[in-house]
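Engineer: What follows is a predicted protein model with its sequence.
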Amino acid sequence: MDFFSSIEFYVIMVVVAASIIAMSARPRMRGSMREYLLASRLRESGEDNGSTPEIEIYCDEGGGVTLMRRGLPDDVTMSGAVSLAVSYDGVNLRCEERLTAGLPSLPRVAEAVFDFDFLGQGWYDAIYNSDSTGLFVAFKLHVRRGLRVTRPLQQ
């Protein structure tokens, strides 16, 4: 019983407590950074839809993830392009939007649709940024079957 009241016992307990705190404060393990360039499928707007800039993320029953970007600028028409440069390290997901204007005589784009075939189920820290429009959104994304999330883009 003398051991439990000795200085050595308390030194060992402090070292064990410090080790537990250090292990719990350690950041999650990340994988290597991978980059993808995704082209979109453009959907035509029949008339001026006037929708607010937003993204919607949908996870289907097969595990596929689809991102829909709505409220694109008026100069993005069906001859233009919308693409995403995606950086992904297993935990963080960063999407940089790239817009290309089209011919003004063609119909506007109502939404751009992207398929993310590289995401598995789990939690992600996601950032969607559009430098050309000055809009972005940051959020926590939980990829699971049946998920449907809409987030507005803000300045």
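Structural biologist: That came through fine. All of these numbers come straight from a predicted model, not from anything done at the bench.

Engineer: going forward, measure contacts between C-alpha atoms and count neighbours the same way
Structural biologist: OK.

Engineer: any chance you could map the helices in this protein?
Structural biologist: 7-25 (DSSP state H).

Engineer: Where does pLDDT dip in it?
Structural biologist: 1, 27-31, 46-50 (pLDDT under 70).

Engineer: The spatially most central residue of the chain pairs with what?
Structural biologist: Taking CA atoms, centre = their mean, the centroid of the chain lies closest to residue 126, which sits 2.9 Å from it. In this entry, residue 126 is beta-bridged to residue 93, residue 139, by DSSP bridges.

Engineer: Pretty sure it sits against residue 93.
Structural biologist: Yes: in this structure, residue 126 is within contact of residue 93 by CA atoms under 8 Å, at 4.6 Å.

Engineer: Can you get me a residue count around the nearest residue to residue 70 once chain neighbours are set aside?
Structural biologist: Spatial nearest neighbour of residue 70, chain neighbours left out: residue 111 (4.6 Å); criterion: CA to CA, 6 or more residues apart in numbering. Using other CA atoms under 10 Å, residue 111 has 22 other residues around it.

Engineer: quick one: contacts for residue 111?
Structural biologist: Residue 111 sits next to 42, 43, 44, 45, 68, 69, 70, 71, 72 when contact means CA atoms under 8 Å, 6 or more residues apart in numbering.
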